[in-house]
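Colleague: with the input below, show me the fold.
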Amino acid sequence: MHMNFSAVEGHVRGLLGPTTDMNLSRTWLKSLSVLPVLTCLMWGLYSGVTHESPTVVTFNAEVITRQFVMQLSQYKLSDENLRKKTEAFKKAQLDALNEYAAKHHALVMQRNHVIAGAQDITPEILKLIAIHMRDAS
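Modeller: As a prediction, this is how the structure comes out:
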């Protein structure tokens with residue numbers, strides 16, 4: 001049995017908190033905004049040893065969240081299961097971003113924070129999130 005996309009989106013937004021114009025939680029965006037700072041700090045420590053510059057890449061958080069909501073809307077989930085899936089998604093996304101950054105010596109930024117010149121890794125992040133979500137279940 002399928003759930004209505006807007007009903008799932010409303011539940012997910014409710015679980016993520018107040019939304020921005022990108023349909024993402026301000027708290028969630030703040031937590032994601034820490035990622036580039038942490039990556040810069042880690043890069044600073046790493047580059048002190050190797051003298052390599054990281055590659056700047058971007059991902060589209062809106063597309064990733066929309067994909068998650070579309071997948072959830074295919075199932076009839078209780079509020080508790082929806083909450084658990086959303087928490088698992090948030091962890092899987094952060095793990096995927098950290099994994100990509102470490103593996104590729106990259107500074108990962110949200111697409112809307114970079115004007116031009118960075119490779120979009122959204123498809124790779126989607127694949128990594130799927131792997132992390134599978135491993136978590």
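
Colleague: next secondary structure element downstream of the helix-or-strand element of the chain with minimal mean pLDDT?
Modeller: Taking all helices and strands of the chain together, the one with the lowest average confidence (mean pLDDT, DSSP states H and E) is helix 26-50, at a mean of 57. Per DSSP states H and E, the first helix or strand lying C-terminal to helix 26-50 is strand 55-59.

Colleague: what sits up against that following strand?
Modeller: Contacts with strand 55-59, where a contact means Cβ atoms under 8 Å, 6 or more residues apart in numbering, come from 97, 100, 104-111, 113-114, 117-122, 125. Glycine gets a C-beta too; all of them are placed from N, C-alpha and C.

Colleague: could you count how many residues lie near Gly10?
Modeller: Per other Cβ atoms under 10 Å, the neighbour tally for Gly10 reads 12.

Colleague: list the contacts of it.
Modeller: Contacts here follow Cβ under 8 Å, 6+ apart; on that basis Gly10 touches nothing.

Colleague: quickly find the element holding it.
Modeller: Using DSSP H and E, the secondary-structure element containing Gly10 is helix 5-16.
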